[in-house]
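Student: Everything below, folded, please.
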Amino acid sequence: MPNVMLPLDFHYDEPERVGERFYFRLWDKVAFVLNHQDKFSQNTIKAANNRTGVYSEEKNHYFVEFIKAERLEDNEEAEGLWFIELFEKDVIGYWFQSATDEEIEQKRELLYSWGYGEENLDTNPVPFCSQHKGILTLSTFVSIHKDKAEGILFDVEPLYAAATFGLLASDLCTTTGARLNELLQISNTKECIRTVKVDKKLRFSFYAIPKGRDELEAFYISEQTMKIIQSVGLMLKIHYGTEKIPSVKYRGDRKHLFPKPKPYFFQYHNKALTRFGIWASLRFLLHGLLFETQEGNPVVVKTHLLRHAFATEAVQRQKLPIDIVAKILHQRDVGVTGYYSEPTPSQIAQSVSDLHDVISDYIDIDEAVLRNPEELEKELEEYKEKVGVFNNVVGGTCVTNNVCPIKMACLGCQAKIPQPEKKHELLEVIELSKDMEKRYSALGLTVEVKKAKAMRKHARTELKEIELIEKYREEQMYEPDIQFKK
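Tutor: From the prediction side, this is the model:
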């Protein structure tokens, strides 16, 4: 930005749902020193003026100062950026290394109040330490001089990387129940990302080796999950300045199964992430959200906890048979009776799709991860021989890959993905059900009346799901209008 005079003050408005305006100031190292000369030595000021040493063009970099947040429509207190508290309280990374005994005690109590480190009150918990360069790590300059600013200083890229990795991890854990080690295996290769093209649309899964196994197994994912994977890939290409994601050594558990470097999605600064990077990214992204037990005790979000949440949602709320859930979670041992039989592919697809309740438009992924046209054509022909596979149905698309489990009763079926583009079909179903109810009532057909009411209920439920999808798409495409101070 050679033609811009720093510092540069700017602000932007969050979406209407948030209703807040955020004020920032853009700095580089040189401008920060020259605008805070009373807080730096003469030698430092001279180096900044001459742009020499650590203030040379090659070693200069940009960072941001968060000034304030304000409400746009009312006088309530603005919440601001969700992560600002972490910087205000200075608990990022190994926070205790330069803290006094009094500061350490205060920060310990704060972290304990959030639920971190309660298992060992004699330690200094580091929930926001990724142990990975470039993820939640402050630059040396910002770390040393953050107290000299009016507002809160932070580097943008390490926070963006953490939030993006945290989003992908949380999505995968809550929609597939995958283990952390299975997430770390996801790579930008055709062996890992599998696609099937049906009626000009792509359907997705990723393949990983589950715990206790030696062979790849499928994890079914939605278009929205694929879109998040795509965004991670784009972030990595920008980070590396390359057209392809570089291959790095695997650093998760059971390394002997993955001896060759691969273009893993969970990587940064030429190193694959470890569990610490995933944990820190998740906690950063979810900070400020209230998770607690029925007794009011804080709950620390971990990948394994999200896996448990996935299973609880599936069994307790969705009422899925436990053997199906075990199949989805890629578990061999499950304490069930012989009443349960081996789940069919149709049951698995039905169950997984029920838990994928946020779907949006697909953004094309790299050609490198797509199978060639001959393979896609062959799969398409195989799928066309089965009933219901990826076919258009009322209000959405059927994703079961076997004989229809509910004999084409598509409304309310867990194997269907609602689509906003088909909202009108559901509205027509609601009107039709009202007419059917009147006719069946006149004929005294009580059971048919109940069916008509159930049809209307299912259609309205799917309309609510579609409304959530539409709202998600709207905010996903939101681009704030940044205003610069003249």
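Student: helix/strand/coil for the residue nearest the centre of the chain?
Tutor: Among the residues of the chain, the one closest to the centroid is L167, at 2.0 Å (Cα atoms, centre = their mean). Per DSSP: H, G, I helix; E, B strand; the rest coil, the secondary structure class of L167 is helix.
Student: I figured it hits T225, correct?
Tutor: No: distance between L167 and T225: 10.3 Å, which falls outside the contact criterion (Cβ atoms under 8 Å). C-beta coordinates here come from the backbone N, C-alpha and C atoms, glycine included.
Student: coming back round to it: ok now do the residue nearest to the centre of the chain, which residues does it touch?
Tutor: Neighbouring residues of L167 by Cβ atoms under 8 Å, 6 or more residues apart in numbering: I228, L285.
Student: What distance do you get for it to A326?
Tutor: In this view, L167 and A326 are 27 Å apart by Cβ to Cβ, to the nearest Å.
Student: do the same with E479
Tutor: Relative to A326, and taking Cβ to Cβ, E479 is found at 43 Å.
Student: again, but for K262
Tutor: Note on K262: its distance to A326, by Cβ to Cβ, is 28 Å.
Student: again, but for T52
Tutor: With distances taken as Cβ to Cβ, T52 is found 64 Å from A326.
Student: got it, and R254?
Tutor: With distances defined as Cβ to Cβ, the gap from R254 to A326 amounts to 21 Å.
Student: Likewise for G151?
Tutor: Here the distance between G151 and A326 works out to 51 Å (Cβ to Cβ).
Student: ok, now P210?
Tutor: On the measure of Cβ to Cβ, P210 and A326 end up 11 Å apart.
Student: Also W279?
Tutor: Distance of W279 to A326, given as Cβ to Cβ: 25 Å.
Student: more neighbours, the two?
Tutor: W279 (23 against 19; other Cβ atoms under 10 Å).
Student: mind checking which helix or strand K327 is in?
Tutor: K327 belongs to helix 322-328 when elements are defined using DSSP states H and E.
Student: and what of L26?
Tutor: Per DSSP H and E, L26 falls inside strand 20-28.
Student: mind listing what's buried in whichever helix or strand comes after that strand?
Tutor: Sequence order places helix 29-34 as the next helix or strand after strand 20-28, per DSSP H and E. Using 16 or more other Cβ atoms under 10 Å as the burial criterion, the residues of helix 29-34 that qualify are K29, V30, A31, F32, V33.
Student: And the strands in the stretch 201-350 of the chain?
Tutor: Under the criterion DSSP state E, counting those that start in this stretch, strands of the stretch 201-350 of the chain are mapped to 201-208, 217-221, 267-268, 271-272.
Student: partners of the third one, with directions?
Tutor: Pairing partners of strand 267-268, with direction, according to DSSP bridges: strand 271-272 (antiparallel).
Student: Just the residues contacting the strand it pairs with, thanks.
Tutor: H132, K133, L184, V248, K249, Y250, R251, G252, Y264, F266.
Student: pLDDT on it, on average?
Tutor: The average pLDDT for strand 271-272 rounds to 98.
Student: ok, now stretch 154-163?
Tutor: For stretch 154-163, the per-residue pLDDT values average out at 96.
Student: ok, residues contacting it?
Tutor: Residues outside stretch 154-163 that contact it (Cβ under 8 Å, 6+ apart) are 61-64, 66, 83, 87, 130, 134-139, 142, 235, 239, 268, 280-281, 284-285.
Student: Mind listing what's buried along it?
Tutor: For stretch 154-163, burial by neighbour count (16+ other Cβ under 10 Å) applies to F154, D155, E157, P158, L159, A161, A162, A163.
Student: Phi, psi for the closest residue in space to F83 that isn't next to it in sequence please.
Tutor: Spatial nearest neighbour of F83, excluding adjacent residues (Cβ to Cβ, 6 or more residues apart in numbering): H287 at 5.9 Å. In this entry, H287 is assigned phi and psi values of phi -60, psi 140 (degrees, to the nearest 10).
Student: wait, isn't H287 in contact with E85?
Tutor: Yes: with contact defined as Cβ under 8 Å, H287 counts as touching E85 (7.4 Å).
Student: Longest helix in this structure, please.
Tutor: Across the chain, the longest stretch assigned as helix under DSSP state H is helix 446-476.
Student: What helices and strands are in contact with the helix or strand following that one?
Tutor: Scanning the chain past helix 446-476 towards its C-terminal end, the next helix or strand to appear is strand 483-484 (assignment: DSSP H and E). Under the contact criterion of 3 or more Cβ pairs under 8 Å, 6 or more residues apart in numbering; DSSP states H and E, strand 483-484 touches strand 8-13.
Student: which residues are in contact with the strand it packs on?
Tutor: When contacts are defined by Cβ under 8 Å, 6+ apart, strand 8-13 is touched by residues 20-26, 67, 72, 480-485.
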